[in-house]
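Asker: Compute the structure for the input listed below.
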Amino acid sequence: MPRYLGILLLLIGLAARAVEQPLDGAVKVTATSAGHAWHYAAEAVKMDGKTYRSYAYLKDDRGERTRGWISFDVTGWERFTATVGVSDAWKNHHGALIIEVDGEQTHEITKRSGEKPQPVDLALTGAKTLTVRFEPSILLAAPAVLRAEQVNPKDGAAMVWVPAGEFVMGSKDNEGYSDERPQRKVYLDGYWLYKYEVTVAQYRAFCAATGRALPHFPQPMTYYESNYSWAGKTGWADPALQQHPIVNVTWHDAQAYAAWAGAQLPTEAQWEKAARGADGRIYPWGNTWDPAKCANRTNSQEKAISTWPVGSFPAGASPCGAHDMAGNVSEWCADWYDAGYYKNAPARNPIGPATGTRRVLRCGSWAGYYVEFILRSAVRNYCTPDYYWYSVGFRCGSSSPGP
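Answerer: Residues are numbered from 1 along each chain as shown. Below is the predicted model:
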C-alpha cells in the first residue's frame, strides 16, 4: 500500500512543433547580481493602457525594484518572447533593458512611461545562456519561451523534450524519507516525456483498438461520495471525463498502453529529472510549496473534487514543460522498487533493480495527506504491479532522437 494510499522503443512519424510556455519555472538561473532575484508575478500590470497578466523584473533583498542582471541556462530553447516597457503606474520613469546571448549583446531597449511597449522575439536555437540586464523601472511583460514538442501520432499525446545532462536526484540527509537518500548527481541521456498524464479519452481509444477491458469505474465509498468528480457520471464514456487522467489502472495496464503507443513508461530517474529539473528544486515550480499550482487534497478532496482535467494548473508546470508532475494522480514508472537502491545505483541512466515485487509510483495525488511533504518531486512510492486505485494513473515517454 502506498504511504499516502494504505527504454527503448522508438516513436516514428513524430510531428515536431514549438509550444509557448510562461518563463516562470521554465529555466535554470545560472548567475545573478549579488542580492538580486528574479521576480515573476501573475497579477495584472498596465503598459500603454494594455493589461498584461504576468510580468517580471529584478528585486533586491528588501523586495524593491532594482537594477542588475540575471543569466539563464537556455539549452534546448527555440525562442524567447516578451514585451518590454514601463508600467503606467510609474510616472516619469524610464529604464533600459539589455539582452545578451552567449555573452553577445542582441538588444538594448530604452523606454519611458507612456511610450508604446516594444516586443522582443529572439531565436535561441543552439544557445547556452541568456542574460538580461535591467534598470529599476523596466518590465518584461508576459515573458515566455518556445520549446520543442512532438506529437505521438498513435495517441495524439504531446511530448516535451528533456535534454541530456546531470540532475540532483533524491533528498539530503535528514530530509524526506530514508529511501530518498543518499542524494546524488545522476546523468541521463535526452528523452521525451508526455506533457500530460494519459487521459480517459486516450485510454478508451487504446482499449477499443486492442480489445483490452476498461478499468473499473470508480465507485465512491459512502464517506467520500461527494468528493469524487466521478459521482453522477455515466461511466468512462461520459463527455465530462474525457480530459481527466485515467485511473484504476494497474502497472500491467500502463505497460500495455505504452507498448501500443510505441512508447514506454519512464524510469524513476527520468520521471524525477522531468519533475524537478537540473537544479534540484523541491517542487516542479520551485522550492516553495504553493497549493494553487497542483491538484491536491486542499483544492480537490476537501472541495468535493477528485481528479482535474490534465493541464489545469499551468503555473505548476515543471522546467521541461510537463504538467501535473505534482498531484492529480500518482504515476507508474518502469522500475522495480528497492528502498536501498540509491546507495549503489548507477550514476548514468539508472533503470532500477533487475527484479522485485513492487513497482515505483511517483507524483503524489489529489487524495494524499500531508500534501506539502508528500508532493515533493523526490518522494518515492510503490505498489504491487496488479494494484489499482482511484488516484493512480500514468504517463509515457520515449528515447527517440531529440529536436
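Asker: okay but residue 136 is in contact with residue 65, surely?
Answerer: Yes: if you go by CB atoms under 8 Å, residue 136 and residue 65 touch, sitting 4.6 Å apart. Any C-beta I mention is one placed from the backbone N, CA and C, and that applies to glycine too.
Asker: what residues are shared contacts of the two?
Answerer: residue 57 (CB atoms under 8 Å, 6 or more residues apart in numbering).
Asker: Quick check on those two: which one has the bigger neighbour count.
Answerer: Remark: of residue 136 and residue 65, residue 65 carries more neighbours, 19 against 16, as counted by other CB atoms under 10 Å.
Asker: Let me know whether that one touches residue 137 as I believe.
Answerer: Yes: using CB under 8 Å, residue 65 is in contact with residue 137, at 6.9 Å.
Asker: On the pLDDT front, check residue 340 for me.
Answerer: Residue 340 is assigned 97 on the pLDDT scale.
Asker: OK, contacts around the most centrally placed residue in the chain?
Answerer: The centroid of the chain falls nearest to residue 318 when counting by CA atoms, centre = their mean (2.5 Å). Residues near residue 318 by CB under 8 Å, 6+ apart: 25, 274, 275, 276, 277, 284, 285, 325.
Asker: again, only using 6 Å
Answerer: The contact partners of residue 318, taken as CB atoms under 6 Å, 6 or more residues apart in numbering, are 274, 275, 284, 325.
Asker: Show me the two of those residues that sit farthest apart.
Answerer: Farthest-apart pair in these is 274 and 284; separation 8.7 Å (CB to CB).
Asker: What ranges does the stretch 1-150 of the chain have for its strands?
Answerer: Remark: strands assigned in the stretch 1-150 of the chain by DSSP state E, counting those that start in this stretch are 15-22, 28-32, 37-41, 45-47, 50-52, 55-59, 68-73, 77-86, 94-101, 104-112, 118-123, 129-134, 138-151.
Asker: Looking at these, which is nearest to residue 312?
Answerer: Smallest distance to residue 312 across the strands of the stretch 1-150 of the chain (CB to CB): 14.9 Å, for strand 15-22.
Asker: Now do that closest one, average pLDDT.
Answerer: Summarised as a single mean, pLDDT over strand 15-22 is 58.
Asker: How is the protein divided into domains?
Answerer: Domain assignment for the chain by automatic domain parsing gives 17-147, 152-398.
Asker: Next one: the residue nearest to the centre of the chain from residue 192, what distance?
Answerer: According to CB to CB, to the nearest Å, residue 318 and residue 192 sit 14 Å apart.
Asker: and what of residue 308?
Answerer: Residue 308 is 24 Å from residue 192, by CB to CB.
Asker: same check, this time on residue 340
Answerer: Distance from residue 340 to residue 192, by CB to CB: 30 Å.
Asker: Compare the two (neighbour count), which wins?
Answerer: A count of neighbours by other CB under 10 Å puts residue 192 above the other of residue 340 and residue 192, at 31 against 11.
Asker: The more buried one: which element?
Answerer: strand 191-194 (DSSP states H and E).
Asker: Which neighbouring elements make contact with that strand?
Answerer: With contacts taken as 3 or more CB pairs under 6 Å, 6 or more residues apart in numbering; DSSP states H and E, strand 191-194 sits against strand 158-162, strand 397-398.
Asker: Touching that strand from outside, list them.
Answerer: Here strand 191-194 has contacts from 157, 159-162, 270, 274, 322, 395-399, using CB under 6 Å, 6+ apart.
Asker: Return the helix or strand in this protein with minimum mean pLDDT.
Answerer: Least confident element among the helices and strands of the chain, by mean pLDDT, DSSP states H and E: strand 15-22 (a mean of 58).
Asker: in this protein, which segments are predicted with low confidence?
Answerer: 1-21, 24-26, 220-227, 402-403 (pLDDT under 70).
Asker: Residue 294 against residue 326, yeah?
Answerer: Yes: here residue 294 reaches residue 326: they are 4.3 Å apart, a contact under CB atoms under 6 Å.
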